[in-house]
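Student: make a model of this:
(2 chains)
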There are 2 protein chains.
Amino acid sequence: MVSTKRSDQKAPTDLSQVYLFAEAHKAFAGDRAQMRERLGGKGTGLSEMTSAGVSVPPGMTILTDCCRQYYENGEKVPAGLYNEVWTKLKVIESDLDRKLGDVDKPLLLSVRSGAKFSMPGMMDTILNLGLNDKTVDGLAKATANPRFAWDSYRRFIQMYSNVVLDVSKDNFERVIDTFKGEIKVKEDVQMTAEHLQELVKRFKKFVKEKVNREFPQDTSEQLKGAVEAVFRSWNTPRAIYYRNLNKIDHNLGTAVNIQAMVFGNMDNTSATGVCFTRNPATGEKMLYGEYLVNAQGEDVVAGVRTPKKISEMAQEMPKVYEELLATTTRLETHYRDIQDCEFTVERGKLYMLQTRTGKRTAAAAVKGAVEMANEGIISRPEALDRVEPIQLNQLLLPSFDAADKVKAKEEGRLLATGLNASPGAAIGAMVFCPDEAEKLAADGKKVILIRIETCPDDIHGIVPSQGVVTSRGGMTSHAAVVARGMGKPCVAGCEAFKIDLEAETVVAAGKTFKKGDVISIDGSTGEIFAGAINRLEPKLGSEFRTLLSWADEVRRLGIRANADTPEDAKLARDFGAQGIGLCRTEHMFMSQDRLPVVQAMIMSETLEERKQALAKLLPMQREDFKGILKAMQGLPVTIRLLDPPLHEFLPKLEDLIEQVATLKAKGQKGAELTKAEMLLQTVRQLHESNPMMGLRGCRLGLLFPEISEMQVQAIFEAAIALKKEGITVLPEIMIPLIGHVNELKVARTQLEAVAKQVMEAEKVTVDYKFGTMIEIPRAALTADEVAEYAEFFSFGTNDLTQMTFGYSRDDAEGKFLQRYLDGVDCLGHKEKILKQNPFEVLDRDGVGKLMKMAVELGLKTRPDLKLGICGEHGGEPSSIAFAHEIGLSYVSCSPYRVPLARLAAAQATVASVEHDR
Amino acid sequence: MVSTKRSDQKAPTDLSQVYLFAEAHKAFAGDRAQMRERLGGKGTGLSEMTSAGVSVPPGMTILTDCCRQYYENGEKVPAGLYNEVWTKLKVIESDLDRKLGDVDKPLLLSVRSGAKFSMPGMMDTILNLGLNDKTVDGLAKATANPRFAWDSYRRFIQMYSNVVLDVSKDNFERVIDTFKGEIKVKEDVQMTAEHLQELVKRFKKFVKEKVNREFPQDTSEQLKGAVEAVFRSWNTPRAIYYRNLNKIDHNLGTAVNIQAMVFGNMDNTSATGVCFTRNPATGEKMLYGEYLVNAQGEDVVAGVRTPKKISEMAQEMPKVYEELLATTTRLETHYRDIQDCEFTVERGKLYMLQTRTGKRTAAAAVKGAVEMANEGIISRPEALDRVEPIQLNQLLLPSFDAADKVKAKEEGRLLATGLNASPGAAIGAMVFCPDEAEKLAADGKKVILIRIETCPDDIHGIVPSQGVVTSRGGMTSHAAVVARGMGKPCVAGCEAFKIDLEAETVVAAGKTFKKGDVISIDGSTGEIFAGAINRLEPKLGSEFRTLLSWADEVRRLGIRANADTPEDAKLARDFGAQGIGLCRTEHMFMSQDRLPVVQAMIMSETLEERKQALAKLLPMQREDFKGILKAMQGLPVTIRLLDPPLHEFLPKLEDLIEQVATLKAKGQKGAELTKAEMLLQTVRQLHESNPMMGLRGCRLGLLFPEISEMQVQAIFEAAIALKKEGITVLPEIMIPLIGHVNELKVARTQLEAVAKQVMEAEKVTVDYKFGTMIEIPRAALTADEVAEYAEFFSFGTNDLTQMTFGYSRDDAEGKFLQRYLDGVDCLGHKEKILKQNPFEVLDRDGVGKLMKMAVELGLKTRPDLKLGICGEHGGEPSSIAFAHEIGLSYVSCSPYRVPLARLAAAQATVASVEHDR
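Tutor: Sure thing, here's the model as predicted:
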């Protein structure tokens, strides 16, 4: 029905607000960034396809600028907009020899949103616009298909009333059902043209009752209403929610695409469908998708009829299939990426309605990229850029089947959402007591430990559990840190999960759950579900390894891992880590057999007592370090000396106060009370009002040198024992929390003396380094001084972010950070304070500025200074890019993030090379 | 006896270790800084006097370098040192025609310490060196005074044995007493030459018994022993303690001055004395001092005989007096400062033995400086430089009589020393309960409140008390902050003061004290005494005002005060403050009548409830601001919006846990338990693991805008009411704890809207400013952005220091900061980590670097940005100098520190002008 005669492709000379598909590509001189920004993704695709000669129904795009102005003007369209629309419309009308509202040759339009970033299904679309009581007849005549014309009209009334006039869809479904009852018909398709004509009458009557005016017959008014409805749909709650979720800027606005309709529902030589150029789940090269004969786009999605596989089209419509294959292959080659296309066949003629980069699974992204590079469609650096590093997590962790999660949500099984403290998917029966978790797990039961919060005493219950849920504590709470360290899923600080430890019950989503009830927790999203959700096991294809090997060829940044155990170290090495960037030693102190010794060490009243306790810890630490150094043989291992405040190894002050008060009030006397009181006294002495900024890190080692001396002795004894076995070891001793060069000077002097003593006694020399964390702002500010005594800097960006922002992470995330990210009230509207959580994405303007200073100052003193990151930012792509930009030597991240980091580092190199060009 | 013939003043060509007085001045080309550094203060004075032609017994100085080398060499004198000493000694011997150890013409020497900074009485001195069994006869003959010779010898043995051979002084006193008993003599002077000869015999025998060898007869050995003893005395515990107290570098070392003896005890034409060129207590111009006829220096100090006033000398020895007056006046003019001189008259001839800048009281320093400027001896800028700003505190606070404190210490009445949290001297009876403090004070009793720590609920007990003592909490603890705000003496965190609140007793210094016992607390030193210490009331002379007016003429920095009440504001104004730099609003919330309303506001469950509580606070706040703005009319008043975390206004979590646990354990039910549990729940919700970095400052105002809106409404209503009365008001609204520009943007937008609303409603405009604290490192790092929305920056250097160092002040001061200042162990010796407490003296290298960045970035965005400091550093001289250097507009400090700040700001200007020359 639609001819594809083209309008003159003259470039607009003034600053237009509206562009024909046929002119936009030229007008923007092919500047894709500009085009996407202002035409939106869909408009850009349509314009590019048009100018590339692909068969696309003609149309125009209203720029995203207009949407922004619409909101700035208090929801009024910019002046002159419609004049431009009418002008462009004339070109389309003349091309097609049809006219909007013309009784004989009516032009029908689709009006669709299209933002810079795809927001599938979040905004509104209107089809068949231009139908009214008169044009419906014109359409019937022109197509010689009155049923089709009336069906299109009733669909239009439904859609327009819903989107523009705000009448709920359900109402219309009720009208249809009533009517079908009256005429005793079950399926829509059984309705005749006359039935549909009657239905249109009823729809119009119903709309009039609802909105108190006639359904608009004026087609210009119809178009205006549709354009503004699309603008408004930018700010529906679901669209805002989606943007928040996907970190899309709320100020971008949407474009509006007005396009001549083509009809896949005109007859049996017509069809509509969607297809991918490669399988989006696996990346396999094939035309992948679905289509429906004699149907409109929405029918494919609606699920009323079951669509056919696209491969069947080869038999059913061989010519069209050939053309589709050729066109989509051409589009993939043109866009050099997997395409997701919408098409319609109108009476045997193929029209492309949309093409965009296909959303795909991580596996598909990897396979597609590698194969496209091998096919010569893209270069290897481009292949690296095709995969979102963050997606790789999907490949490395068990995950829940997304479809099953949707189903569970529909069934009301989503109980609560807490902090996504440690990624992964776990299913198990709830237990409330660590001892019981241990016992049940020993019997082969899969359990999830539920606690208000966890403490070192609970470790034995965490280890055998599938995952952990806490109702209190943030991303650095004990549970979160320990779980991440173990690669165990954890949902933390989930306040909506109301835990009663005594009753061993949880109240959530209005229901009560008890011990033994099975739940599923998604540590990547923080969701907790009742019952089991299907899990997908990770599969690592050979393409994955190929892609990472390409990344390794390109990247400048080294990648290390944060690992505290030989198991983690081995895993990290398997994933390609080039060393350990952070081996924390505090977790070694927390295992059940050691905690009593550590506590005795802390409770020591004399140096002698403390040294005795330390002497017991020495052989254990030596074995710890032997295991890790051996697992990493030939690669450097950065070992951080004890960092947390000592009270973290003791029971909580609040619990002790409660215990002592209870014992006293009960009039109890004797050993139990005395012991509790003594413990309380110690904990009180160690208690700090702001422990984050108290006696910890190197401050501990300077006040109690015997602790770090024991650790260094253990490191060197381990290294020497391995060296005697012929194993190459490269220990790097890292002193935490340096704020003043003298701290490092004294600590290093003391500890290097111990190292030398051990080496002299054993007559073996070890290749070692001494260095420091840069995690206190002052250390960064005086990095030139600090570098005098440090052979390496490792940026502890977690703490550095805390101090630079003055945010205690545990407090901030629960109390105000989310509000800062969501937006706070400002004269009645919401204003975001922060665009991103600085604990997730490194804050370049503040924290990054300090890091840059530290790098420059440090290198001035010591040109061969090694520089790394060991905060959680070391595993976050944009932070890794920043690390590359400021010239760090390596980033260190959790073992599971190593592949991601390898890829992100390669992307950063590619980007900087392009930038330098 | 000693001739003053001079040796050749040839400059030493090589790097000598020893200089004759006569050659040093020339050798160092008069470079005083170098001279003081290497010759010490005493050596410099002696050399300068010698070269100026003042009558000084000849001598030499061993450089401080030798003392440092002595310690570096493991307590061995540097090679070649004694060769140089013997060479120089020959020159002296030839000048005086006497020889060390010569039987006929013995030369006697004094050997004295003399460091760069005066450490009076802390190190050792030896007189009469060179006497032995033979030379004593030579001396007797030469002076025709055998008694004098033997008396000198026995003094020498006593002193030398004590200092060099380490035999306690008391032993000799016992020998003397025994001997006097035998010969039935009461006074020393009654002993004849023969008695003294016998005493020498006994002394020598006693020494031999003690040290197992003969008292050294070899005079070279005597001299070597004395030199090394002086070196050793640099590191006696009392010397180290003194240096710690006075922040003197332990690495400076002492010089040794070897000088020919002159004798004030030769006959009645001989004398010895000390004098000041002006009265060191008042500054009055007069020769002020004491002397003794026929005595040696130590007799004046020892207090055995009562010395005469120097004015009596005018009668007794008119010629000598004339000469002394002329010489000291000449010295004062030469040194252009008050001189403290030691002199000896030997048979009518005056010798000057030392001159140094006279230690004086603040009053004397001020009067002396102003008068010397008026006399034309010094310029006005020099007069400003003559007064230590920190001394001015003495003039503005009641203080304890130093002599009476010494006496009290001797009597064992010093009970404990805590943190000097708030200066001043208070005397009162101990009370342990705020209610009782209030009651007793109402009855006219003077009380001191004793608490483990204080909280807002205790305010009514703090206000009427003379002072406060706490056994827990640091310099920013509630007690400390509140007391400083009130100018009330406070000793905080005094752990040695073991308080039992239930028994109402204190155990300290091994004794138990009970309620009602009178104590004296010195908030400037942290000392607590039993009983009352005499107090000196401050007197402000006209010279004081003159000096400050000179300071005002010179200084570039503005001076403001931190004041929260109209009374403080008035006081600050009287002291010369040019505005309020910090008016904290949280203390206004803590008074007894308001706390319940504030607590209701915090406990509100709905916005409505909270607004109701705020509506009650509004009129109170309005009156607060009216009072302050009125007191400061015509001057700017910077009002900081509510800053502390809300839980500071509620009972403590720990106390509530204890209370609830106790009630529960006792099986109690009902209203009391319910109320406590509800309160506990709220406090738990507000509880933060690191409140310093939690929900406070602007974060509060952004989450609960109604609180800051109420405050701004109150400010503008107050301003308008006053303006209607014809009073000029200049409020400046300060938003605390900004870390990101968006915080300020939103807060200012919101609050300026309130301001405009109030002004429009009242149809009065007020001249106001909006600005922010710079106290979060990130704010400093992004100051260019922050300045877009800030008309002024006020550096909150307390918090900025906390975050930049990562020190929680409350925790650090108790747990590790003191150790950092005292020195930590490093391979067996102590190493200082920090030279100064960064909370007292601004850390230029770290915090200062951030401030400098912030100033530069801020001015780039807004060239007329006002810049100030409102942390405690605003009242500390070297920090004020830094504020001047980096170009701040003003500093703000507590009212009592305003005069100090005016002077320090002037000194900074003078110094920078000199520097620029």
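Student: any idea which element the closest residue to residue A:65 other than its chain neighbours lies in?
Tutor: If the residues on either side of it in the chain are set aside, residue A:65 comes closest to residue A:38, at 6.2 Å by CB to CB, 6 or more residues apart in numbering or on different chains. Every C-beta, even on glycine, is put in place using the N, C-alpha and C of the backbone. For residue A:38, the element it lies in under DSSP states H and E is helix A:32-51.
Student: elements contacting that helix?
Tutor: Under the contact criterion of 3 or more CB pairs under 8 Å, 6 or more residues apart in numbering or on different chains; DSSP states H and E, the helices and strands touching helix A:32-51 comprise strand A:18-20, helix A:21-27, strand A:59-62, helix A:64-72, strand A:109-115, strand A:254-260, strand A:349-357.
Student: what's next to the third one, contact-wise?
Tutor: Outside strand A:59-62, the residues within contact range by CB atoms under 8 Å, 6 or more residues apart in numbering or on different chains are A:17-21, A:24, A:39-40, A:43, A:46-47, A:81, A:85, A:88-89, A:92, A:109-110, A:114, A:227, A:255-260.
Student: please tell me how far the residue nearest to residue A:65 sits from residue B:637.
Tutor: Per CB to CB, to the nearest Å, residue A:38 is found 50 Å from residue B:637.
Student: could I get the buried residue list for the helix holding residue A:38?
Tutor: A:35-51 (16 or more other CB atoms under 10 Å in any protein chain shown).
Student: swap in stretch A:220-236?
Tutor: Within stretch A:220-236, the residues that qualify as buried by neighbour count (16+ other CB under 10 Å) are A:222-235.
Student: just the CA trace of it, in CSV.
Tutor: Listed in CSV are the C-alpha atoms of stretch A:220-236, where the atom choice follows Å, rounded to 0.1, in the frame of the first residue of the first chain:
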residue,chain,number,x,y,z
SER,A,220,-4.5,16.8,13.5
GLU,A,221,-5.8,16.9,17.1
GLN,A,222,-5.2,13.1,17.2
LEU,A,223,-1.6,13.6,16.2
LYS,A,224,-1.0,16.5,18.6
GLY,A,225,-2.5,14.4,21.4
ALA,A,226,-0.3,11.5,20.5
VAL,A,227,2.9,13.5,20.4
GLU,A,228,2.3,15.1,23.8
ALA,A,229,1.3,11.7,25.3
VAL,A,230,4.7,10.4,24.2
PHE,A,231,6.4,13.3,25.9
ARG,A,232,4.4,12.7,29.0
SER,A,233,5.3,9.0,29.0
TRP,A,234,8.9,10.0,29.6
ASN,A,235,8.0,10.7,33.2
THR,A,236,5.7,7.9,34.1
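Student: quick check: beta-bridge partners of the closest residue to chain B within the stretch 301-450 of chain A?
Tutor: Taking CB to the nearest CB, chain B has its nearest neighbour within the stretch 301-450 of chain A at residue A:419, 15.1 Å off. Applying DSSP bridges to residue A:419 yields these beta-bridge partners: residue A:492.
Student: wait, it sits on residue A:493?
Tutor: Yes. Between residue A:419 and residue A:493 a contact is recorded at 4.6 Å, counting by CB atoms under 8 Å.
Student: rewinding a little: for the buried residues of stretch A:220-236, which one is nearest chain B?
Tutor: residue A:235 (20.0 Å).
Student: dihedrals phi and psi, the closest one?
Tutor: Note on residue A:235: its backbone torsions stand at phi -110, psi 30 [degrees, to the nearest 10].
Student: OK, contacts around it?
Tutor: Remark: with contacts taken as CB under 8 Å, 6+ apart, residue A:235 is in contact with residue A:71.
Student: near residue A:335, how many other residues are there?
Tutor: Residue neighbour count, defined by other CB atoms under 10 Å in any protein chain shown, stands at 18 for residue A:335.
Student: in stretch A:816-834, what counts as buried?
Tutor: Of the residues in stretch A:816-834, those buried under the neighbour-count criterion (16+ other CB under 10 Å) are A:816, A:817, A:819, A:820, A:821, A:823, A:824, A:826, A:831, A:832, A:833, A:834.
Student: just the ones of those residues in helices?
Tutor: Within the buried residues of stretch A:816-834, membership in helices is found for A:819, A:820, A:821, as judged by DSSP state H.
Student: isn't the last one right up against residue A:838?
Tutor: No. The pair residue A:821 / residue A:838 is not scored as a contact, 10.0 Å apart, by CB under 8 Å.
Student: related to what we said a few turns ago, save the helices and strands packed on helix A:32-51 as a markdown table, and put in distance to residue B:571 and mean pLDDT too.
Tutor: A markdown table is the format used below for those (distance: least, CB to CB, whole Å; pLDDT from 0 to 100):
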| stretch | distance to residue B:571 | mean pLDDT |
| --- | --- | --- |
| strand A:18-20 | 70 | 95 |
| helix A:21-27 | 72 | 91 |
| strand A:59-62 | 67 | 97 |
| helix A:64-72 | 53 | 94 |
| strand A:109-115 | 62 | 94 |
| strand A:254-260 | 62 | 96 |
| strand A:349-357 | 71 | 92 |
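Student: will you turn the ones you listed into a markdown table that also has distance to residue A:174?
Tutor: Formatted as a markdown table, the entries for those read as follows, by distance: least, CB to CB, whole Å:
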| stretch | distance to residue A:174 |
| --- | --- |
| strand A:18-20 | 38 |
| helix A:21-27 | 39 |
| strand A:59-62 | 34 |
| helix A:64-72 | 33 |
| strand A:109-115 | 26 |
| strand A:254-260 | 31 |
| strand A:349-357 | 31 |
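Student: can you list these in CSV and add distance to residue A:753 and mean neighbour count?
Tutor: CSV is the format used below for these (distance: least, CB to CB, whole Å; neighbours: other CB atoms under 10 Å in any protein chain shown):
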stretch, distance to residue A:753, mean neighbour count
strand A:18-20, 74, 26
helix A:21-27, 71, 23
strand A:59-62, 73, 28
helix A:64-72, 66, 19
strand A:109-115, 63, 25
strand A:254-260, 67, 28
strand A:349-357, 60, 21
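Student: which one's the longest helix in chain A?
Tutor: Of all the segments assigned as helix in chain A under DSSP H, the longest by residue count is helix A:607-631.
Student: so what strands line up beside the helix or strand following it?
Tutor: Next in sequence after helix A:607-631, counting helices and strands by DSSP H and E, comes strand A:636-640. Using DSSP bridges, strand A:636-640 pairs in its sheet with strand A:580-584 (parallel), strand A:730-735 (parallel).
Student: and for strand A:636-640, what's in contact with it?
Tutor: Outside of strand A:636-640, the residues that reach it under the criterion CB under 8 Å, 6+ apart are A:560, A:569, A:579-585, A:625, A:628-629, A:711, A:715, A:729-736, A:769, A:771, A:773, A:792, A:794, A:868, A:870, A:892.
Student: buried residues of stretch A:907-915, list them for me.
Tutor: Residues of stretch A:907-915 classed as buried by neighbour count (16+ other CB under 10 Å): A:907, A:908, A:909, A:910.
Student: can you check stretch A:198-205 too?
Tutor: Going by neighbour count (16+ other CB under 10 Å), the buried part of stretch A:198-205 is A:198, A:199, A:200, A:202, A:203, A:204.
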